[in-house]
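Asks: I would like the atomic coordinates for the input below:
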Amino acid sequence: MLASYTASSLLSEEQRAFLDEVAVSFTVSDETLNTIVTRAHAELYRGLARSDGGRASELPMSPTFVRQASGLANRVSLGMAIEASGRRIRIGSVHFDASGAVKHKHTQVFSPPQSELSTAQARFFDYAAYCVREFLQQHNLEHAGVCLPLGVTIGLPVHTGKGVQCSVSETAKEDSLDLCGSNVGRRLCDAMLRGHLPVHITSVTNNVVSALVAARFQDPGACVAATFNHGVNAAYFERLGNVEKLHSAEHNAASEVAVNTEIGRFGSAGNALPLTMWDRRVDRESRNPRTRALEKLVADQYLGEIVRSLITDFIDRQLLFAPNCPVQAISSAYSFHSAYMAPIIEDESADLVTVDALFAAEFGIRCSPADRLVIRSLCEIVAARAARLSGAVLAALVLKASTDNRVVNVALGGVLFDINQKLLDDTTAAMEQLLQTHPKQVQTKVVFQGRGDDLFGAAVNAAQA
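Replies: Model prediction:
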């Protein structure tokens with residue numbers, strides 16, 4: 001992690017000393033990682049238990065009943081994916097052949113006007129119904145007397161009930177659509193009825209549960225799915241008999257249920273995660289301080305902001321950029337996107353020309369060779385810690401899902417890994433290293449999910465209704 005600057009003669013003693021201080025602050029030892037695995041594993045168990053008056057788990061561990069892939073021959077189903085920000089609604093159709101395999105798929109993306117977002121509760125669901133109508137007409141799916149099943153998936157924390165009952169439990173992210181407390185399933189059903197649309201909503205799930213359904217359809221051995229987008233979440237299949245808070249005579253204890261962990265909340269209730277002063281600053285200035293601790297250390301929404309906070313501290317110490325340099329743009333919160341980190345880290349040119357070109361284009365700042373090296377080093381330091389923390393939490397999830405299995409199939413996806421292959425590689429390496437040293441000796445088979453697998457999973461779930 002330190003190799004990019006320790007051997008360089010470009011840096012002043014002050015720059016090198018502050019970089020060393022930052023690097024030490026962001027270093028997570030193997031011992032700390034093993035402790036995180038143990039504590040995360042315990043929280044996963046606690047979240048499945050009945051409330052007995054003791055400390056409640058910080059992880060809601062919401063069980064969701066999903067159907068096994070069967071009876072799909074010659075069926076057509078629809079999926080709708082609502083992003084957390086509400087700025088995109090994706091609708092897709094899946095056509096299955098006589099064997100139940102996918103014959104062909106169609107996807108269309110809609111971007112609601114700002115007016116629909118500003119009055120989300122009043123008009124957003126009617127706009128969603130409009131999108132469904134447009135999709136049906138575009139793809140000739142309006143057949144007389146045929147009512148197509150529609151599975152809905154949403155990128156917000158939800159609590160699922162019977163049928164399509166599904167309420168948003170919190171507005172979690174900086175740019176989230178405000179649907180907190182809204183019964184999404186019921187509101188969507190009402191909007192479809194008002195529009196006289198030939199669809200019936202069969203399910204509403206969190207997007208990571210839909211990704212898990214897609215993973216299981218593509219690989220019957222898939223047990224865990226995790227997404228690293230603006231937020232971070234994971235789901236896995238659990239024996240119903242292990243979900244104490246769902247114990248009932250009407251449930252088959254041996255059957256499986258998908259559990260939405262909301263793993264991004266891990267570490268919020270105590271000191272399970274190693275936080276630096278820059279992490280605390282980002283948390284304090286966020287929309288939801290003192291919550292979703294893990295997410296703020298590893299998610300696409302926050303990694304760039306951590307780097308930006310470090311950059312501004314270097315500026316304040318007069319260790320970065322020329323005097324009178326225009327720093328207004330880089331001083332704005334969330335102006336340094338996590339997407340910038342991958343090309344900066346991957347810049348192998350002698351003069352780090354990518355760093356200079358990016359800062360000139362995005363912030364109007366020309367960087368000296370030393371500036372470029374500092375910025376690249378900060379990106380490497382933040383990304384390396386994110387990979388190790390992500391690997392630790394994934395290891396805890398694998399251990400929880402490995403009741404009888406020595407090999408656990410894990411599906412990883414999300415925009416963060418789409419744009420940063422090194423981060424994906426380092427995350428899986430950290431997970432596998434931790435599992436190799438664990439007494440259970442669990443192995444993993446990791447597959448990368450493409451964009452849109454949550455939408456596909458929602459459609460698969462609908463087809464099985």
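
Asks: For my notes, confirm Leu273 occurs in a helix.
Replies: No. Secondary structure of Leu273 (DSSP: H, G, I helix; E, B strand; the rest coil): coil, not part of a helix.

Asks: Listing request: residues of the stretch 301-450 of the chain with sub-threshold pLDDT.
Replies: Scanning the stretch 301-450 of the chain for pLDDT under 70 picks out the ranges 405.

Asks: What segments of it are strands?
Replies: Using DSSP state E, counting those that start in this stretch, the strands of the stretch 301-450 of the chain run over residues 407-413, 443-448.

Asks: so which of the ones you listed gets nearest Ile330?
Replies: With C-beta to C-beta as the measure, strand 407-413 is the member of those nearest Ile330 (30.3 Å). (C-beta placed from N, C-alpha, C; glycine too.)

Asks: could you give the angle of that closest one to strand 443-448?
Replies: Counting by axes from the mean of the first three to the mean of the last three C-alpha atoms, to 10 degrees, strand 407-413 points 20 degrees away from the direction of strand 443-448.

Asks: For strand 407-413, list the C-alpha coordinates in PDB.
Replies: The C-alpha coordinates for strand 407-413 follow below in PDB (Å, rounded to 0.1, in the frame of the first residue of the first chain):
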ATOM      1  CA  VAL A 407     -17.800 -24.800  -0.500                       C
ATOM      2  CA  VAL A 408     -20.100 -21.700  -0.600                       C
ATOM      3  CA  ASN A 409     -20.900 -20.100  -3.900                       C
ATOM      4  CA  VAL A 410     -20.900 -16.300  -3.600                       C
ATOM      5  CA  ALA A 411     -22.200 -13.800  -6.100                       C
ATOM      6  CA  LEU A 412     -20.700 -10.300  -6.000                       C
ATOM      7  CA  GLY A 413     -21.900  -7.400  -7.900                       C
END
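
Asks: could I get the strands of the stretch 301-450 of the chain as CSV with distance to Tyr334 and mean neighbour count?
Replies: Shown next, in CSV, are the strands of the stretch 301-450 of the chain (distance: least, C-beta to C-beta, whole Å; neighbours: other C-beta atoms under 10 Å):
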stretch, distance to Tyr334, mean neighbour count
strand 407-413, 23, 22
strand 443-448, 27, 15
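
Asks: Turn these into a markdown table, columns for distance to Thr428.
Replies: A markdown table is the format used below for the strands of the stretch 301-450 of the chain (distance: least, C-beta to C-beta, whole Å):
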| stretch | distance to Thr428 |
| --- | --- |
| strand 407-413 | 7 |
| strand 443-448 | 5 |
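
Asks: and Glu348, which of these is closest to it?
Replies: Comparing those against Glu348 with C-beta to C-beta, the closest turns out to be strand 443-448 (23.6 Å).

Asks: Which elements pack onto that closest one?
Replies: Applying 3 or more C-beta pairs under 8 Å, 6 or more residues apart in numbering; DSSP states H and E, we find strand 443-448 packed against strand 407-413, helix 421-436.

Asks: and those as JSON lines, adding distance to Ser268?
Replies: Conversion of the helices and strands packed on strand 443-448 to JSON lines gives the following (distance: least, C-beta to C-beta, whole Å):
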{"stretch": "strand 407-413", "distance to Ser268": "23"}
{"stretch": "helix 421-436", "distance to Ser268": "21"}
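
Asks: Any idea which of the ones you listed gets closest to Leu394?
Replies: helix 421-436 (4.4 Å).

Asks: List the buried residues for that closest one?
Replies: By 16 or more other C-beta atoms under 10 Å, the buried positions in helix 421-436 come out as Lys422, Leu423, Leu424, Asp426, Thr427, Thr428, Ala430, Met431, Glu432, Gln433, Leu434, Leu435.
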